[in-house]
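heads up, no residue letters with this:
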């Protein structure tokens, strides 16, 4: 592509740039622009790598940033001890349906607490999780899983590589903060797990020697990779890296994947789609607004997927993170294991 086709005129969003690079193609057809190289010897066509600035602080005003960086302040968390009296698990929970029998539309009901934590396990309000470890392994036999998202979805992938003896069959990771495609397989179970980091603002992509232009798989493009036959579980997640940007970007990203979602659901009747919700966290080392945008992004999800509530599952982890008093962007155990347990509690018979 010629440089003149690869660049657009000055955009008011980049007041200090003579030109900006239109990297929408590289970003899987999701609109994205960046400043052009300042050198006269370089053009947008010379792009070699793209990645998100992990410490961007767009989410706060200059005044808030000044206050956050002042010395002499700190967050104070006070732990309190709560004594829970009564039976460990109420008898009436046996009257609830198992989660795999719960109508998918019910998972979109977030009008009341969606569950509670007790003795290391999370119990959904509307259903029971009965699957054992062996049940999950039987369930995932002859199954393909797609995980899309960021580092918190990567946690699921790495957790399951051990949990299911899933051997890495793609490029060897040379960093724990892996931002590239990954795949693992368990040949005995005939099971494959694909990990697709979502596109900007997140993925790190470098142009390979045989490439003239890079291209990241947007989630809609990954949905088009779903086979037409066979049991498939597909997890959609967009949140953490979007909190540092205007809400319209979140809405556009969800809207852009919906055509691919429709095609995938129509193509494969055994496709089980899950939307992973935001969870709350507090990271003092990030000069940003942390989990505050979740309230808006959850509303965007509710609005954009209202036509799919009979077909896909919404896994609400907001109340779970509250129950475990989670403060970490990357939930530790037992919350992580309970997120996986909830996923398969719904997806597995």
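Thanks, I have it. Model, not experiment: these values are computed from the prediction.

can you list the low-confidence ranges for the stretch 51-200 of the chain?
Within the stretch 51-200 of the chain, the stretches with pLDDT under 70 are 52-61, 64-65, 67-77, 84, 86-91.

quick one, helices of it?
For the stretch 51-200 of the chain, helices defined by DSSP state H, counting those that start in this stretch occupy the ranges 62-69, 133-139, 151-163.

list the residues that contact the closest residue to residue 117 other than its chain neighbours.
Excluding its sequence neighbours, the residue lying closest to residue 117 (CB to CB, 6 or more residues apart in numbering) is residue 323, at 3.9 Å. Yep, even glycine has a C-beta here, placed from its N, CA and C like the rest. Residue 323 sits next to 115-117, 122 when contact means CB atoms under 8 Å, 6 or more residues apart in numbering.

again with residue 151
Here residue 151 is in contact with 177, 240, 330 (CB under 8 Å, 6+ apart).

count the neighbours of the second one for me.
Counted with other CB atoms under 10 Å, the neighbours of residue 240 add up to 23.

that one contacts residue 329, doesn't it?
Yes - the pair residue 240 / residue 329 is scored as a contact, 6.6 Å apart, by CB atoms under 8 Å.

overlap of the contact sets of the two?
Contacts common to residue 240 and residue 329, judged by CB under 8 Å, 6+ apart, are residue 152.

how is this structure divided into domains?
3-47, 91-347 (automatic domain parsing).

closest one of the contacts of residue 323 to residue 138?
Using CB to CB, residue 122 is the member of the contacts of residue 323 that lies nearest residue 138, at 22.2 Å.

give me the contacts around stretch 197-215.
Counting by CB under 8 Å, 6+ apart, 1, 23, 25-28, 30, 32, 47-52, 56, 148-150, 153-154, 178-181, 216-219, 237-238, 241-242, 244-245, 249, 253 sit against stretch 197-215.

and for stretch 251-262?
Contact with stretch 251-262 is made by 29-31, 198, 218-224, 236, 238, 242, 273, 300-301, 304-305, 308, 312, as judged by CB under 8 Å, 6+ apart.

in helices, which of these appear?
219-223, 300-301, 304 (DSSP state H).

and these, which is closest to residue 81?
residue 301 (35.4 Å).

now do the same contact list for residue 106.
Contacts of residue 106 by CB under 8 Å, 6+ apart are residue 126.

what's the distance between it and residue 62?
45 Å (CB to CB, to the nearest Å).

please enumerate the strands of this protein.
7-8, 20-22, 33-35, 49-50, 115-118, 121-124, 143-149, 167-168, 182-186, 191-197, 205-206, 231-236, 271-276, 313-315 (DSSP state E).

who does the last one pair up with?
Listed by DSSP bridges, the sheet partners of strand 313-315 and their directions read strand 271-276 (parallel).

state the mean pLDDT of the strand it pairs with.
Averaged across strand 271-276, the pLDDT comes to 98.

list of residues touching that strand?
149, 153, 226, 231-237, 261, 264-265, 301, 305, 308, 311-315, 317, 343, 346-347.
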